[in-house]
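A.B. asks: sequence and predicted structure below; questions after.
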Amino acid sequence: MYMHTYGNADDPAVLLLHPMGITADKLYEIIGSRFKGEYYILVPDMGNHGMEKSDYISAENEAENICGYLKKHGITDIALLYGASMGAAVALRMISYSEIMVRSLYLDGAPIAKLGFLMTRIFAPVLIWQRGIYEKNDKKKLAEYIERWGDDLNDHMRETFIGFSNTSIRNISAVCVKGNMVAIPEELQRHTYMEWGKDEDFAKTSPKVAGSLYPLAHIAVRSGYNHCEYMMKKNPEYVAGIEKVIEKVRTEGV
């Protein structure tokens with residue numbers, strides 16, 4: 001884990017955890033750099049992403065490394081913990097670390113429910129196939145990715161995917177398919193926001209499971225969008241929504 005930091009350490013801390021294929025600096029560009037308020041933003045490169053060249057091991061390993069960094073640097077109060085997809089799984093693992101106070105939680109495309117038998121078998125091979133598309137720079141097959149995320153992010157993800165080891169792909173796949181059903185305290189649930197694109201695989205089961213496990217959380221399923229797609233296609237609204245969560249806990253003094 002390699003931590004990137006932006007802003008003044010005296011400002012409220014915001015921790016952003018990236019999805020698979022998007023590095024810390026790119027996630028900061030997409031979200032953190034567009035906040036209007038002043039925050040101390042921390043964005044780690046997790047295994048096999050950006051500055052972190054070692055393999056991705058597990059959500060538990062990443063959560064432990066991140067919490068270790070926070071404690072070492074005296075950062076124990078997090079105004080917002082944000083995680084997308086793979087990053088959401090890591091964020092959920094961090095909730096159990098009592099030394100870190102998380103004031104609000106925002107998860108996009110969280111793999112909460114365990115996927116079906118077929119998906120557990122094919123998820124890793126599909127990711128390896130996707131890496132092959134990037135390696136061959138198959139313009140026809142890349143057209144779908146470009147439609148979903150745009151040219152710039154597609155180019156960024158191509159570079160990241162090509163650097164993935166098979167070990168990292170298998171381990172990331174395991175995080176996504178096995179389910180991440182952890183306990184969230186009631187007070188944090190009141191400041192927890194989860195969303196999925198209606199067209200993504202995780203939306204078939206995770207919102208329902210989340211609604212049962214976290215009855216006080218705010219849950220949304222966005223029609224017409226796929227996995228982590230809303231953040232790019234409706235970026236100003238997306239970023240503004242995240243910042244409202246930060247400011248809500250700040251003004252309420254939670």
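C.D. replies: Sure thing, it's come through.

A.B. asks: tell me which residues touch Leu109, please.
C.D. replies: One thing to correct before we go on: residue 109 is Gly, not Leu. Residues near Gly109 by CB atoms under 8 Å, 6 or more residues apart in numbering: 19, 84-85, 88, 195-197, 200, 202, 227-228. Glycine gets a C-beta too; all of them are placed from N, C-alpha and C.

A.B. asks: what sits against the closest residue to Gly21 other than its chain neighbours?
C.D. replies: The shortest distance from Gly21 to any non-neighbouring residue, by CB to CB, 6 or more residues apart in numbering, is to Met157 (4.2 Å). Listed by CB under 8 Å, 6+ apart, the contact set of Met157 reads 21-22, 134, 145, 149.

A.B. asks: repeat for Ile41
C.D. replies: 5-7, 13-16, 28, 32, 35.

A.B. asks: try Thr205
C.D. replies: So Thr205 contacts 113, 115 (CB under 8 Å, 6+ apart).

A.B. asks: kindly report the same for Glu247.
C.D. replies: Gly37.

A.B. asks: buried ones in the host helix or strand of it?
C.D. replies: Assigned by DSSP states H and E, Glu247 belongs to helix 235-252. Neighbour-count burial for helix 235-252, counted by 16 or more other CB atoms under 10 Å, picks out 238-239, 242-243, 245-247, 249-250.

A.B. asks: swap in stretch 105-122?
C.D. replies: Going by 16+ other CB under 10 Å, stretch 105-122 has these buried residues: 105-115, 119-120.

A.B. asks: could you do stretch 208-226 as well?
C.D. replies: For stretch 208-226, by 16+ other CB under 10 Å, it's 210, 214, 217, 219, 221-222, 225-226.

A.B. asks: just those now: which is nearest Lys233?
C.D. replies: Within the buried residues of stretch 208-226, distances to Lys233 taken as CB to CB reach their minimum at Tyr225, with 7.0 Å.

A.B. asks: which secondary structure state does the closest one sit in?
C.D. replies: coil (DSSP: H, G, I helix; E, B strand; the rest coil).

A.B. asks: and it, what pLDDT?
C.D. replies: In this model, Tyr225 is scored at 95, pLDDT.

A.B. asks: where's the residue nearest to Leu216 when sequence neighbours are not counted relative to Val182, distance?
C.D. replies: In space, and not counting its chain neighbours, Leu216 is closest to Gln189: 3.8 Å by CB to CB, 6+ apart. Distance of Gln189 to Val182, computed by CB to CB, to the nearest Å: 12 Å.

A.B. asks: could you do Ile30 as well?
C.D. replies: 26 Å.

A.B. asks: when the two are compared, which one has more neighbours?
C.D. replies: Ile30 (21 against 16; other CB atoms under 10 Å).

A.B. asks: the more buried one: what's it in contact with?
C.D. replies: With contacts defined as CB under 8 Å, 6+ apart, Ile30 is in contact with 22, 153, 231-232, 235.

A.B. asks: what does stretch 230-241 contact?
C.D. replies: 30-31, 34-35, 84, 108, 148-150, 153, 193, 195, 197, 222, 225.

A.B. asks: restricted to helices, list the residues you listed.
C.D. replies: 30, 148-149, 153 (DSSP state H).

A.B. asks: the strands in the stretch 1-150 of the chain, which residues?
C.D. replies: In the stretch 1-150 of the chain, the strands defined using DSSP state E, counting those that start in this stretch lie at 2-6, 13-17, 40-45, 77-84, 101-102, 105-108.
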